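Peer 1: Below are the sequence and a predicted model for it; my questions follow.
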Amino acid sequence: MKITLFPLEKIMIDDKSLYLGANKDEIIRLLGEPEMIREQYGGGTWRHFYFNSDLAFDYNSEGRLEYIEFLGGHDGILKPYIYGVSAFDTEQKELVKILSENNNGDVDDSERCSYAFKGSSVSVWTEDDEEFWMTIGMGEKGYYC
């Protein structure tokens, strides 16, 4: 399965384009029913999980896709690519460099073991002792402002 992230726009899973801002019914039409649904942030918004919970979609209160997160890391079943490199098979420092070069905005590195690239609305997270990032996510424009 080929997965490519296009920050601020969409992800592609093989030949399927899943756009930020899309209605959740469109995502379900393309991927099928989610394996699990979890209510977020005290109600009104939802997170749908796919591919053994390696992929999550967050929807706003209007049912529109606002954030996409890959949760499987280096050992997961999904291997998303961004800017021509594998997000989970590229060493942490190298991926931060690539994401910074393509960010066109501020970088929030105030949280331990994570970065939020505000210009591209991309984030990465890991635990202290990991060589590779464990999650990568991307949101709509301004998601991290």
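Peer 2: That came in fine, so what should we check first? Being a predicted model, the structure only gives us computed values, none of them experimental.

Peer 1: Look up the residues forming beta bridges with the nearest residue to Gln40 once chain neighbours are set aside.
Peer 2: Nearest-residue entry for Gln40: Arg47, 5.2 Å, with adjacent residues in sequence omitted and distances by C-beta to C-beta, 6 or more residues apart in numbering. Placement of C-beta: from N, CA and C, glycine included. Counting by DSSP bridges, Arg47 is bridged to Arg38, Asp58.

Peer 1: Quick check: Arg47 touching Phe57?
Peer 2: Yes. Shown here, Arg47 and Phe57 form a contact pair, counting by C-beta atoms under 8 Å, at 6.9 Å.

Peer 1: Which one of the two is surrounded by more residues?
Peer 2: Comparing Arg47 with Phe57 by other C-beta atoms under 10 Å, the one with more neighbours is Phe57, at 24 against 17.

Peer 1: Before we go further, Asp25 is sitting in a strand, right?
Peer 2: No. If the criterion is DSSP: H, G, I helix; E, B strand; the rest coil, then Asp25 is helix and not within a strand.

Peer 1: roughly how far apart are it and Gly137?
Peer 2: Distance of Asp25 to Gly137, given as C-beta to C-beta, to the nearest Å: 22 Å.

Peer 1: And the two? Which one has more around it.
Peer 2: A count of neighbours by other C-beta under 10 Å puts Gly137 above the other of Asp25 and Gly137, at 20 against 9.

Peer 1: Distance-wise, check that one relative to Val96.
Peer 2: In this view, Gly137 and Val96 are 15 Å apart by C-beta to C-beta.

Peer 1: Next: Glu111.
Peer 2: Counting by C-beta to C-beta, the gap from Glu111 to Val96 is 14 Å.

Peer 1: between the two, who's got more neighbours?
Peer 2: A direct count of neighbours by other C-beta under 10 Å for Glu111 and Val96 places Val96 higher, at 17 against 10.
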